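Asker: Below are the sequence and a predicted model for it; my questions follow.
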Amino acid sequence: MTTREVEHEITIGAPADAVYQLLADVTNWPRIFPPTIHVDRTEADGDHERIHIWATANGQAKEWTSRRTLDRENLTITFRQEIPAAPVKHMGGTWIIEPLADDRSRVRLLHDYSAIGDDPHDLLWIEQAVDKNSTSELAALKVNVEAAHAAATEELTFSFADTVQIDGAAKDVFDFINEAQLWAERLPHVAVVRLSEDTPGLQELEMDTRAKDGSVHTTKSYRVVFPHHKIAYKQVTLPALMTLHTGEWTFTEGDEATTASSQHTVTLNTANIARILGQDATVADARAYVHTALSTNSRATLAHAKAYAEQKKG
C-alpha cells in the first residue's frame, strides 16, 4: 500500500489561541471553509469527538466521518477518517498551530492518505483534492481569523430566520421543501430547477429564480437532508452582494402545530455595495436589501409549504 504524506502551511496575523478556537469548533466550518457544506458533531467525550462532514472534493460532493483529538495545551488537533469516501482508503492528519508572536501564528496542515487498490489515477485524484482543499481552507482560515479581529466583522456577517406555524404534519412540510425538483410547478418565483442526489441525503440543487423586477438569477447549492426535521444547505454560486450564504430549514412537530423555520447566515461583499445599490449606499443598506430579498423568498416558500401540508391534512 502506498501512503502519501503532504504538508501545507500559512502565516496568520492573529494569536495562535484564536486560530485554535476557530478550528476546534467544527460548527464554524461551513462559514469558514469554502469546501465544507455542513458538519455534525455526533459524539463528544472530553478532548475526543466524532464528526460527520459533508464537503466538496474536486467539485464533487462527498461525505465522511472522522474522529478528532483536541489538544489545547499544545495547540494541535489530530483527525482520522473512520469511514472515508471512495476512492480514499485511509486519510488522517494534524492541524498544528505555532505562535510566532503575540499577534502572529503559523498553521501547518499535515495529511497522510492512501487509495483503494493503490490505483495511481485515484492517488492523483486524492492528491489534487487534498492540495486544492488544504490551500483553500488555509487561505479562508487566514481571512476569517484576521477579520474576526477587525471591528466591523460582526456587522458584515449576520443571521436571521423566518418562522411559520402550520396545522399539518412535519413530514408533509419537509416533503415540500425536500422535493425541490417540483418547485418550478409549486413556487411562482422559481423558473427552472435541476436537482440531483447521487448520494442519498446529499443533494446538488441548481435553480433559476425570478426577482421582483423580472430578472432571472441562477443559484447553485448543496443540501444535506435529515428526514424529517432538517435540511441544511450552502449556496456556492453567490449574488454580487454576498461572499457567504448558508442556511437551514427546520421542522418541529408539536401537540398543536408544526413549526417550520428558514434560517440564513450571510456575509456581505462590501466591494460590490456601491455598484449594486449606488454610491451613497451603506453596509446597513446592503444588510436590509439582502435580508429583504432572502426573507421574501423564504416566506413565499413557507407559505406554499404551509398550504400544501394543511391541504394534505384536510
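Answerer: Right, received. Where do you want to start?
Asker: Confirm that T135 lies within a helix, as I assumed.
Answerer: Yes - counting by DSSP: H, G, I helix; E, B strand; the rest coil, T135 is found in a helix.
Asker: which sections of the stretch 1-150 of the chain are below the confidence cut-off?
Answerer: For the stretch 1-150 of the chain, residues meeting the criterion pLDDT under 70 lie at 149-150.
Asker: can you pull out the strands in it?
Answerer: For the stretch 1-150 of the chain, applying DSSP state E, counting those that start in this stretch gives strands covering 4-12, 36-45, 48-57, 60-71, 76-83, 88-101, 104-115.
Asker: angle of the last one against strand 88-101?
Answerer: Orientation check (axes from the mean of the first three to the mean of the last three Cα atoms, to 10 degrees): strand 104-115 against strand 88-101 gives 170 degrees.
Asker: who's in contact with strand 104-115?
Answerer: When contacts are taken as Cβ atoms under 8 Å, 6 or more residues apart in numbering, the neighbours of strand 104-115 outside the stretch itself are 1-16, 19, 87-100, 122-123, 125-126, 130, 134, 137-138, 141. Every residue, glycine included, has its C-beta placed from N, CA and C.
Asker: The fourth one too?
Answerer: Counting by Cβ under 8 Å, 6+ apart, the neighbours of strand 60-71 from elsewhere in the structure are 24, 26, 37, 42, 47-56, 77-85, 88, 91, 198-199, 202, 204, 222, 224.
Asker: just the second one next, same as before
Answerer: Outside strand 36-45, the residues within contact range by Cβ under 8 Å, 6+ apart are 26-27, 29-30, 49-56, 61, 65, 222, 224, 232-234.
Asker: Send me that strand as PDB with only the CA atoms.
Answerer: What follows is the C-alpha trace of strand 36-45 in PDB, where atoms were taken according to Å, rounded to 0.1, in the frame of the first residue of the first chain:
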ATOM      1  CA  THR A  36     -17.400  22.500   3.700                       C
ATOM      2  CA  ILE A  37     -21.100  22.200   3.200                       C
ATOM      3  CA  HIS A  38     -22.200  21.000   6.700                       C
ATOM      4  CA  VAL A  39     -20.800  19.400   9.800                       C
ATOM      5  CA  ASP A  40     -22.400  17.500  12.600                       C
ATOM      6  CA  ARG A  41     -20.700  16.700  15.900                       C
ATOM      7  CA  THR A  42     -22.200  13.200  16.500                       C
ATOM      8  CA  GLU A  43     -20.100  12.300  19.700                       C
ATOM      9  CA  ALA A  44     -18.100  14.300  22.200                       C
ATOM     10  CA  ASP A  45     -16.200  12.900  25.100                       C
END
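Asker: still on that earlier bit, buried subset of the contacts of strand 36-45?
Answerer: 26, 29-30, 49, 51-56, 61, 65, 222, 224, 232-234 (16 or more other Cβ atoms under 10 Å).
Asker: Would you mark the buried spots in the lengthiest helix in the chain?
Answerer: If each helix of the chain is counted by residues according to DSSP state H, the longest one is helix 283-313. The neighbour-count check on helix 283-313 (16+ other Cβ under 10 Å) flags 286-287, 289-290, 293-294, 297-298, 301-302, 304-306, 308-310 as buried.
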